[in-house]
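> here is a sequence with its predicted model. Questions after.
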Amino acid sequence: MQDAPEKNETADEDRVDLHSLSRGQLLALMEELGQPKFRAKQVEEWVWEKNAQSFDDMTNLPKALRATLAEHCTLGGTTEVARQVSEDGSRKYLLRFPDGVAVECVGMPSGPKLAVCVSSQAGCPMGCAFCATGASGFNRNLTTGEIYEQVMHVRDDFGSRVTSVVLMGQGEPFANYDAALDAMRKLNSPDGAGIGARHITVSTCGIIPMIKKFSREPEQFTLAVSLHSAVQRTRNILMPGVKKYSLIHLYEVMGEYVDKTGRRPTYEYALIKGVNDSDDELGALCDFCRDNLAHVNIIKLNDVKNSPFKPASDARAGEFVRALNQVGVEATIRNSRGADIDAACGQLRQNVLGR
Ligand code: SAH
Ligand code: SF4
């Protein structure tokens, strides 16, 4: 239970998270507080660039303004509730937001580089059969600030610049399109994290209307599509949430995406023993990718508790890559990071929270 707010103090739920304000709203707030315009820029820098955790950190603001802001606003209030550190240096975090909802994000260092994987929703409504997040159901969409803050949490924990971000944690970013895109823009902006658009990747299970919309966005963000099978019957079983978007339609829309943007999408394909690793499946995958710009990522399936699905062998993954290469499609086996730290989508949350 929360303590009752003291007299004259604003209750937590009445305070506004500064991450939720647009520049215009922040300017209006400063005007209301009788502050000059440049204060809005200063506050923005503290919130987005510097990821300030307390109003006391905002040393270039007058003390009285800091006190007023502290009374009426919050800085999000994300707290770390668990972490796991892998032998390969990856760190996985479980972060909790003020309403108690918790999501995962991961930091993966590699030499001078730091890649971050973030969640876009708490849980996921798509229900993919092989996914720990899908199994735990849907809780709620994350806000722009909540998606953004995961990246900043990892940045500050490693104390180094983030060089790339993937929206491949929990949730389906295209089922929370506006907040996901807004967070990507903030991550890209020089007034935010300043990460190059090409180094920001959004992964979708294939929500066609949103892929169309995404192809019209001006930034050079990277798109990944979770394919997992190019055979309709198999894909319907693995990914029931996107049954209504047929593979033929997906193929057409991806062709349009390539024509419009000139960018090469990635297809993710988690190889599952006896399910999508047959020669027929391989043939269908080659046909789906061969005449279009495509990069295929063959992923080693992560074991999910109580799941009937098992990973195919490394040798089979190698065969998939070679066959794709032979028809002119670039393919790689995704280097599995943090396999020792419950790295599969949703597993830390499941292990800590039991759901
Ligand atoms: N919802 C989006 C993004 C998050 S999932 C999507 O589905 O694309 C990120 C990636 O992890 C997806 O390619 C997803 O299919 C994959 N994934 C989910 N569960 C997995 C598992 N058990 N093993 C390997 N990859 C998995
Ligand atoms: Fe959702 Fe992606 Fe998991 Fe499917 S794979 S349930 S879309 S998070």
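Yep, it's here. Residues are numbered from 1 along each chain as shown. Ligands and ions are numbered 1, 2, ... in the order given.

> what about Ile208, how many neighbours?
Ile208 has 18 neighbouring residues, counting by other C-beta atoms under 10 Å. Placement of C-beta: from N, CA and C, glycine included.

> list the residues that contact it.
Contacts for Ile208 were tallied using C-beta atoms under 8 Å, 6 or more residues apart in numbering; they are Tyr245, His249, Leu250, Val253.

> any chance of these in TSV, plus secondary structure?
Below are the contacts of Ile208 laid out as TSV (DSSP: H, G, I helix; E, B strand; the rest coil):
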residue	secondary structure
Tyr245	coil
His249	helix
Leu250	helix
Val253	helix
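
> which among the residues you listed count as buried?
Tyr245, Leu250, Val253 (16 or more other C-beta atoms under 10 Å).

> phi and psi next, for the first one.
What it means is Tyr245. Backbone torsions for Tyr245, taken as degrees, to the nearest 10, come to phi -100, psi 100.

> to what extent is the closest residue to ligand 1 within the stretch 1-150 of the chain buried, counted in neighbours?
Proximity of the stretch 1-150 of the chain to ligand 1 (C-beta to the nearest ligand atom) peaks at Cys131, 3.6 Å away. Counted with other C-beta under 10 Å, residues neighbouring Cys131 total 26.

> do Val81 as well
If we define neighbours as other C-beta under 10 Å, then Val81 has 12 of them.

> who are the packing partners of whatever helix or strand it lives in?
Assigned by DSSP states H and E, Val81 falls within strand 79-85. Where contact means 3 or more C-beta pairs under 8 Å, 6 or more residues apart in numbering; DSSP states H and E, strand 79-85 is packed against strand 91-96, helix 347-353.

> and of the contacts of Ile208, the nearest to Leu26?
Comparing the contacts of Ile208 against Leu26 with C-beta to C-beta places Val253 closest, at 37.3 Å.

> quick one: contacts for that closest one?
Ile208, Ile211, Lys212.

> now the residues you listed as TSV including secondary structure?
Formatted as TSV, the contacts of Val253 follow (three-state DSSP):
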residue	secondary structure
Ile208	helix
Ile211	helix
Lys212	helix
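
> from the residues you listed, which is closest to ligand 1?
Ile211 (11.6 Å).

> right, and Leu247 touches Arg235 too?
Yes. Using C-beta atoms under 8 Å, Leu247 makes contact with Arg235 at a distance of 6.4 Å.

> walking through the stretch 1-150 of the chain, point out its helices one by one.
Remark: helices assigned in the stretch 1-150 of the chain by DSSP state H, counting those that start in this stretch are 23-32, 38-44, 63-72, 132-135, 144-158.

> just the strands in this protein please.
16-17, 73-74, 79-85, 91-96, 102-110, 113-117, 121-123, 138-141, 164-167, 200-204, 222-226, 266-271, 295-300, 330-333 (DSSP state E).

> any chance of those in TSV, with distance to ligand 1 and mean pLDDT too?
Below are the strands of the chain laid out as TSV (distance: least, C-beta to the nearest ligand atom, whole Å; pLDDT from 0 to 100):
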stretch	distance to ligand 1	mean pLDDT
strand 16-17	25	92
strand 73-74	28	94
strand 79-85	17	95
strand 91-96	14	96
strand 102-110	11	95
strand 113-117	8	95
strand 121-123	8	96
strand 138-141	12	97
strand 164-167	6	96
strand 200-204	4	97
strand 222-226	4	97
strand 266-271	4	96
strand 295-300	5	94
strand 330-333	12	95
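
> out of these, flag the one nearest ligand 2.
So among those, strand 222-226 is nearest, using C-beta to the nearest ligand atom, at 5.8 Å.

> and the closest one, what does it pack against?
strand 200-204, helix 208-215, helix 247-261, strand 266-271.

> which residues does Gly196 contact?
Asn188.

> go again with 10 Å.
Thr163, Ser164, Leu187, Asn188, Glu219, Gln220, Phe221 (C-beta atoms under 10 Å, 6 or more residues apart in numbering).

> and these, which two are furthest apart?
Thr163 and Glu219 (17.1 Å).

> low-confidence bits of the stretch 251-355 of the chain, can you list those?
Counting by pLDDT under 70, the stretch 251-355 of the chain shows low-confidence ranges at 335-355.

> got the confidence number for Lys7?
Turning to Lys7, the model gives it a pLDDT of 43.

> go on, Gln53?
91.

> and what of the one 3 residues further on?
pLDDT, Asp56: 95.

> identify the residues contacting it.
For Asp56, counting by C-beta under 10 Å, 6+ apart, the contacting residues are Lys63, Arg66, Ala67, Ala70.

> from those, list the buried ones, please.
Arg66, Ala70.

> sheet-wise, list the partners of the strand holding Val81 with their directions.
strand 91-96 (antiparallel) (DSSP bridges).

> what angle do the strand it pairs with and strand 113-117 make?
Angle of strand 91-96 versus strand 113-117, following axes from the mean of the first three to the mean of the last three C-alpha atoms, to 10 degrees, is 40 degrees.

> where does the stretch 1-150 of the chain come near ligand 2, residue by residue?
Contact residues, the stretch 1-150 of the chain versus ligand 2 (C-beta under 6 Å from any ligand atom): Cys124, Met126, Gly127, Cys128, Cys131, Thr133, Gly134.
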